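**Student:** Please work out how this folds:
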Amino acid sequence: MSSLQASFRNHVAWTSDSPLGLEVERAEGAEIVLAGGQRIIDLISGIAVSSIGHANAEVRRAIHEQVDRHLHVMVYGEFVIRPQAEFAELLASALPEPLKVCYFTNSGTEATEGALKLARKHTRRTRMVAFDGSYHGDTLGSLSVTGREVYRKPFEPLVPGVTFLPFNDVEALQEIDDTVACVIAEPIQGEGGIHVPSDEWVKALRVRCSAVGALLIFDEIQTGFGRTGSMFAFEQFGVVPDVVTFAKAMGGGMPLGAFVSSPEVMASLRRDPPLNHVTTFGGHPVSCAAATAALRVLIRDELPKRARLIEATVRSRLRHERIREIRGRGAMLGIELDDSGFAADVVRRCIDNGVLVGWTLHADSLVRVAPPLTIPETTLNAALDRMLSALEAATSHSHP
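**Tutor:** Predicted coordinates for the structure are as follows:
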């Protein structure tokens, strides 16, 4: 065991009893280079983070330039920080009316927390509605609206007043009434198993929230920034939320989150009292500089279109008797296999074959495929060849 492995095992908190433990030397494009020189094709992008590839030259240049100017100087929202203002303007230009005011955070779960507080403050209501199978983060407020009891139970009591409804059930939306502050939903569920709702359901959700005065929050933390084949997933359903949350790919590999709303709604956090939602490091100038560069690359290179091409390639190439279904849109896909143990074996064999895939939190028979949107076609096809080999080997092992 290397000294670095020993430090990891003895002093870095684990999140499971069996971490992958791969020792990373560097990452570039669609590949991760391990200590010893082994290259692994990355088909999960740090869980939908590295959408423009690892170590993008324009993002690195923006980081270097900002580091030479300054790092942290003041808590968010008090000084005029060029990278914050420039990125907020660029992001607003990519969003429809009235989503024009950004509140920057450090992470996705902080974006969720801010959005929930914003909804309560603006509406003066307390009830919240979320959906079965949802995932919105691991802090206490975010966990309170995450629709999987096995993750909530160890930390109860959580924030009260949350109602869970079945996802993609139009009739159940009638339970949303004028006591509800907000309804939070992923336009495409990620950790719940890559579930795409019907257009009818999403439109009915928007209509119901408008009818009762509840704010509709779309969690685009995983789906945003080109991942599903459009810049933002909600665009595919023809509706606009009242609040939208972002993180993951937004920072171009740097830690950054945000919740975005209209000027009117966002003004609720400025007064009664002032400073009622603050952050020290949210919207860090280096992260915002990286995010600006990353979004410019996404727009210029039309990477949402590239996500749709990735989907077409995966669906045409990944055919096997043990695959029940391929779900998702763009480069956010879930390969549903017929058994959880078999899925674990396939994931392990893929990694042994030099392809990094993984699971989702709530669906242990699903293999996640979410490569960088910049992955070359030849690299993607090589990865899919290796996945098919892993499927064959796992099938032979399970049926001698």
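**Student:** So V244 sits against P96, correct?
**Tutor:** No. Contact criterion CB atoms under 8 Å: V244 and P96 do not qualify, at 10.0 Å. Heads up, the C-betas are built off the backbone N, CA and C, glycines and all.
**Student:** For those two, indicate the residue with more neighbours.
**Tutor:** Per other CB atoms under 10 Å, whichever of V244 and P96 has more neighbours is V244, with 26 against 13.
**Student:** any idea which element the more buried one lies in?
**Tutor:** For V244, the element it lies in under DSSP states H and E is strand 243-246.
**Student:** Which residues does the next helix or strand after that strand contact?
**Tutor:** Going down the chain from strand 243-246, the next helix or strand is strand 257-261, by DSSP H and E. With contact meaning CB atoms under 8 Å, 6 or more residues apart in numbering, strand 257-261 is reached by 91-92, 95, 98-112, 114-115, 118, 221, 242-247, 250, 282-283.
**Student:** State the distance from the residue lying closest to A293 once chain neighbours are set aside to F155.
**Tutor:** Leaving aside its chain neighbours, A293 sits nearest to A62 (3.9 Å; criterion: CB to CB, 6 or more residues apart in numbering). Distance, A62 to F155, by CB to CB, to the nearest Å: 38 Å.
**Student:** Check which residues of the helix or strand that contains S93 are buried.
**Tutor:** Secondary structure from DSSP H and E places S93 in helix 82-94. Residues of helix 82-94 classed as buried by neighbour count (16 or more other CB atoms under 10 Å): P83, Q84, F87, A88, L91.
**Student:** got the angle between the following helix or strand past it and strand 257-261?
**Tutor:** Per DSSP H and E, the first helix or strand lying C-terminal to helix 82-94 is strand 101-105. Between the axes of strand 101-105 and strand 257-261, defined by axes from the mean of the first three to the mean of the last three CA atoms, to 10 degrees, the angle is 160 degrees.
**Student:** Which strands border strand 101-105, and is each parallel or antiparallel?
**Tutor:** The pairing partners recorded for strand 101-105 under DSSP bridges are strand 257-261 (antiparallel).
**Student:** In PDB, list the C-alpha atoms belonging to the partner strand.
**Tutor:** C-alpha atoms of strand 257-261 as PDB (Å, rounded to 0.1, in the frame of the first residue of the first chain):
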ATOM      1  CA  GLY A 257     -23.900  26.200  -7.100                       C
ATOM      2  CA  ALA A 258     -26.700  28.700  -7.600                       C
ATOM      3  CA  PHE A 259     -30.400  29.200  -7.300                       C
ATOM      4  CA  VAL A 260     -32.000  31.600  -9.800                       C
ATOM      5  CA  SER A 261     -35.400  33.300  -9.800                       C
END
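**Student:** for the record, mean pLDDT for that strand?
**Tutor:** What strand 257-261 shows for mean pLDDT is 98.
**Student:** to the chain's geometric centre, what's the distance from that strand?
**Tutor:** Offset of strand 257-261 from its chain centre (CA atoms, centre = their mean, to the nearest Å): 13 Å.
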